[in-house]
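Peer 1: Sequence and computational prediction follow.
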Amino acid sequence: MRLKTKLIHGGIEGDEHTGAVVTPIYQVSTYRQEAIGKHKGYEYSRTGNPTRHALETYMAELEGGARGFAFGSGMAALSTILSMCSQGDHVVVGDDVYGGTYRVITRVFTRLGLEATYVNTGDLQAVEAAVRPNTRMIIMETPTNPLLKVTDIAGIAAIAKAKNVLLVVDNTFMTPYWQNPIDLGADIVFHSATKYLGGHSDVVAGIVVTKDAQVGEDMHFVQNSIGAVLGPQDSFLLLRGAKTLGVRMEEHEANAGQIAKWLSERNDIERVIYPGLESHPGHELMKKQARGFGGMISFDVGSASRAEEVLSKVKYYTLAESLGAVESLISVPARMTHASIPAERRAELGITDGLVRISVGIEDVQDLIEDLEQALS
């Protein structure tokens, strides 16, 4: 089954009881048991719900994993992954990750005894050197947020396997339509499904897929214990949104490629970061490990004041935190999505006050270019 067909027909189709074409919303908390311990596969909706199960099965199939899990947000998904660690465990984390990832590790989990080291995952030697005897996981994004750095997933996977640690990959930016980290050796893939998987700015959700069935069992135990599960209504919305993922991602990328090229030809932009540009240092690696380049672009306009001016003048780009929706979104990471990262740390990484991040939507690309033209001029 090819990918676009799998997006429509993958997982559990419809409802065998009624013949409904789509999985119904099972808005139910508990289930009647025929006898003590004898039920039809469901006991309580924190543990399992038919609508959520359909979504989880679908996502596992799309990512090529053994088990899928749906959560109330991307941060709930990551927090549940981190909760598989024990006090005194260590994690290696990419140095350029979503601000919420940095915040929850440094300000929540380290208080509970988790140790963390941040490294440039593009430097395989640095990653290997950062692994300790008590390291439990390597957590990475590729491309990263917001600097769009590209990491060799297979290379990191080889290190993880040799060191007997789990490789966890945030695949939010690329989605399973463009990139499948499990096929490249990752053990766990997670998404902020709020973004491209949902695609319509109408649901907050997180997804985890495990490569191994045993890791999946461990994940289910922690998920059921903590209980940050996705409700049936949101599971339904996510299933609906994901069916158009292929056509949306192709349009996002087509638009992003044209806008990135247009930006790179301007002399009033300090730098344009997009993996689809041949000038991007990770361009060839992206061609090797992914089927596309995605719809995210970062560019530096030179100063905080100019960035603020641009954001105040755009018409078709919505000033908002988030990404991956059908409408184009624009933000300044230093003051929004990555504000929780200390200023000195942002400076080290290159997340300047003039860095603008756009999530390119599926509007007419000429309207999007003309809008940026008037905002920049």
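Peer 2: That came in fine, so what should we check first? Numbering: from 1, shown residues only.
Peer 1: which stretches of the stretch 251-377 of the chain form helices?
Peer 2: With helices called from DSSP state H, counting those that start in this stretch, the stretch 251-377 of the chain shows them at 283-289, 304-313, 343-349, 365-376.
Peer 1: Lowest average pLDDT across those?
Peer 2: Least confidently modelled of these is helix 343-349, at a mean of 86 by mean pLDDT.
Peer 1: Identify each buried residue in it, please.
Peer 2: For helix 343-349, burial by neighbour count (16 or more other C-beta atoms under 10 Å) applies to 346, 349. Bear in mind the C-beta positions are built from the backbone N, C-alpha and C, glycine included.
Peer 1: still on that earlier bit, of all the helices of the stretch 251-377 of the chain, which one comes closest to residue 76?
Peer 2: helix 343-349 (24.9 Å; C-beta to C-beta).
Peer 1: ok, back up a step: need the helices of the stretch 251-377 of the chain in TSV with distance to residue 240, can you?
Peer 2: Output for the helices of the stretch 251-377 of the chain, formatted as TSV (distance: least, C-beta to C-beta, whole Å):
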stretch	distance to residue 240
helix 283-289	29
helix 304-313	31
helix 343-349	37
helix 365-376	26
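Peer 1: Nearest to residue 139, out of these?
Peer 2: helix 343-349 (16.3 Å).
Peer 1: closest to residue 204 out of the helices of the stretch 251-377 of the chain?
Peer 2: The nearest among the helices of the stretch 251-377 of the chain, by C-beta to C-beta, is helix 304-313 at 23.4 Å.
Peer 1: Only the buried residues of the closest one, if you could.
Peer 2: 306-308, 310-311.
Peer 1: now for that helix, which elements pack on it?
Peer 2: In terms of contacts (3 or more C-beta pairs under 8 Å, 6 or more residues apart in numbering; DSSP states H and E), helix 304-313 is packed against strand 329-331, strand 355-359, helix 365-376.
Peer 1: Select, out of those, the one closest to residue 164.
Peer 2: Nearest to residue 164, of those and by C-beta to C-beta, is strand 355-359 at 36.1 Å.
Peer 1: List the pairing partners of that closest one within its sheet, with orientation.
Peer 2: Strand 355-359 has the following strand partners under DSSP bridges: strand 296-300 (antiparallel), strand 329-331 (antiparallel).
Peer 1: Identify the residues contacting it?
Peer 2: 146, 259, 295-301, 307, 310-311, 317, 322-325, 328-334, 337 (C-beta atoms under 8 Å, 6 or more residues apart in numbering).
Peer 1: Just give me the residue closest to the centre of this structure.
Peer 2: residue 172 (1.8 Å; C-alpha atoms, centre = their mean).
Peer 1: What are the neighbouring residues in contact with that residue?
Peer 2: 74, 98, 141, 145, 190-192, 195-196, 324 are the contacts of residue 172 under C-beta under 8 Å, 6+ apart.
Peer 1: Of those residues, which is the nearest to residue 284?
Peer 2: Nearest to residue 284 among the contacts of residue 172, with distances taken as C-beta to C-beta, is residue 141, at 18.9 Å.
Peer 1: where does the protein dip in pLDDT?
Peer 2: Within the chain, no stretch has pLDDT under 70.
Peer 1: What residue spans form the domains of it?
Peer 2: 3-242, 245-376 (automatic domain parsing).
Peer 1: mind listing the strands for the stretch 201-350 of the chain?
Peer 2: 206-210, 271-273, 296-300, 318-319, 329-331 (DSSP state E, counting those that start in this stretch).
Peer 1: Most tightly packed of those strands?
Peer 2: Among these, the stretch with the highest mean neighbour count (mean count of other C-beta atoms under 10 Å) is strand 206-210, at a mean of 28.
Peer 1: got a list of contacts for that strand?
Peer 2: 59-60, 63, 65-78, 80-81, 182, 187-194, 197, 216, 219, 230.
Peer 1: Kindly report the same for stretch 36-43.
Peer 2: With C-beta under 8 Å, 6+ apart as the test, stretch 36-43 has contacts from 30-34, 48-50.
Peer 1: Among those, name the ones in helices.
Peer 2: Using DSSP state H, the members of the contacts of stretch 36-43 that fall within helices are residue 50.
Peer 1: Go through the contacts of stretch 36-43 and give me the one with the most neighbours.
Peer 2: residue 49 (25 neighbours; other C-beta atoms under 10 Å).
Peer 1: Report the contact partners of it.
Peer 2: Counted by C-beta under 8 Å, 6+ apart, residue 49 has contacts 26, 28, 42, 229, 232, 235.
Peer 1: follow-up on the earlier one: output the contacts of stretch 36-43 in CSV; the columns should cover distance to residue 87.
Peer 2: Putting those into CSV (distance: C-beta to C-beta, whole Å) gives the following:
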residue, distance to residue 87
30, 34
31, 36
32, 40
33, 37
34, 42
48, 29
49, 32
50, 36
